[in-house]
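[1] Okay, here's the prediction I keep looking at, along with the sequence it came from:
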Amino acid sequence: MGIFYIARVIALVLSVVFSLIVVGLSARLISLTEEYYALYFVFCALGIATAGLTILTVPLMLIVDVVRRGAFTSMVVVELVWLFVLWVLWVATAGEAVSAGNYYFPSGCVYDKYPTVNEACREIQAVEAFSFLTFFVLLGYTSVLLVFTCIAAARGNSLWLRSVKESTFLAPSSTAPPPQQPMDQYKGTPTPQYQVPVQQPQYTGASGHPQYSGSPAPSQQPYYPPQAASV
């Protein structure tokens with residue numbers, strides 16, 4: 001299990017925890033505004049919807065990734081697309097909360113004589129904070145995941161259809177040539193060397209003349225011409 005996979009689990013679990021906090025705060029704000037003012041803030045409804053999607057889908061992605069290999073919900077491309085949608089919704093929720101807080105409480109939470117109003121102001125600020133935190137967590141994770149996947153693809157290792165759990169993002173290139181072995185470390189079969197035998201004459205005796213073993217040449221006798229007979 002790689003470090004990146006552990007970081008992924010931590011980031012997604014944090015997003016779920018922050019979503020639970022936003023759901024509780026948004027529900028409380030809707031209850032207060034409906035009771036006293038017969039209205040509700042738009043960011044509260046958007047926060048409940050965004051947090052609900054996060055709470056339903058992110059744990060499902062984690063559980064399916066553990067119990068089943070090769071599921072489409074665990075693919076890197078599916079994870080990138082869905083988490084991109086979620087962090088866009090979270091930044092929209094945070095932006096709406098900031099807008100509502102600046103409109104209704106321009107001076108901040110300074111209404112000490114009205115505890116209910118002050119409570120609503122602080123809850124709006126809390127929704128802003130946790131919405132931004134969830135946005136930053138998901139944005140950071142998806143950005144790193146996208147960069148690592150592009151690096152792996154540039155090295156010839158396409159990981160778009162694989163899960164993060166099974167991926168090795170910084171693996172060496174699959175098309176790289178094998179390292180060359182130095183010539184002085186080559187341990188192959190040596191080339192046979194052929195030697196041509198050289199015949200040398202054999203010398204015997206002290207005279208230093210070569211002795212040849214073979215049949216001796218026939219000795220030549222002197223030739224005497226025949227003489228004519230006397231009359």
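    Received, thanks. Numbers count the residues shown, from 1 in each chain.

[2] how far does stretch 58-75 sit from the chain's center?
    With Cα atoms, centre = their mean, to the nearest Å as the basis, stretch 58-75 stands 18 Å off its chain's centre.

[3] Repeat that for stretch 5-23.
    Centroid separation for stretch 5-23 versus its chain: 22 Å, with Cα atoms, centre = their mean.

[4] Okay, buried residues for that stretch please.
    R8, A11, L12, S15, V16, F18, S19, I21, V22, V23 (16 or more other Cβ atoms under 10 Å). Every residue, glycine included, has its C-beta placed from N, CA and C.

[5] which helices and strands sit right next to the biggest helix by length in the chain?
    Longest helix in the chain by number of residues (criterion: DSSP state H): helix 115-154. Using 3 or more Cβ pairs under 8 Å, 6 or more residues apart in numbering; DSSP states H and E, the elements in contact with helix 115-154 are helix 3-36, helix 42-67, helix 76-104.

[6] so V137 makes contact with L14?
    Yes - proximity of V137 to L14 meets the contact threshold set by Cβ atoms under 8 Å, at 5.3 Å.

[7] pLDDT below threshold where in the chain?
    Under the criterion pLDDT under 70, the flagged ranges of the chain are 1, 167-231.

[8] how about 50 then?
    Scanning the chain for pLDDT under 50 picks out 203, 206-208, 212, 228-231.

[9] Show me which pair in the buried residues of stretch 5-23 is furthest apart.
    R8 and V23 (22.9 Å; Cβ to Cβ).

[10] related to what we said a few turns ago, out of the helices and strands packed on helix 115-154, nearest to E123?
    Checking the helices and strands packed on helix 115-154 against E123 by Cβ to Cβ gives helix 3-36 as the closest, at 5.1 Å.

[11] how distant is that closest one from the center of its chain?
    Computed by Cα atoms, centre = their mean, the chain-centroid distance of helix 3-36 equals 30 Å.

[12] what helix or strand does C109 sit in?
    For C109, there is no host helix or strand (DSSP states H and E).

[13] Which residues does stretch 68-84 contact?
    The contact list for stretch 68-84, computed with Cβ atoms under 8 Å, 6 or more residues apart in numbering, reads 57, 60-61, 64-65, 138, 141-142, 145-146, 149, 159-167.

[14] and L53, how many neighbours?
    Other residues lying near L53 total 16 when counted by other Cβ atoms under 10 Å.
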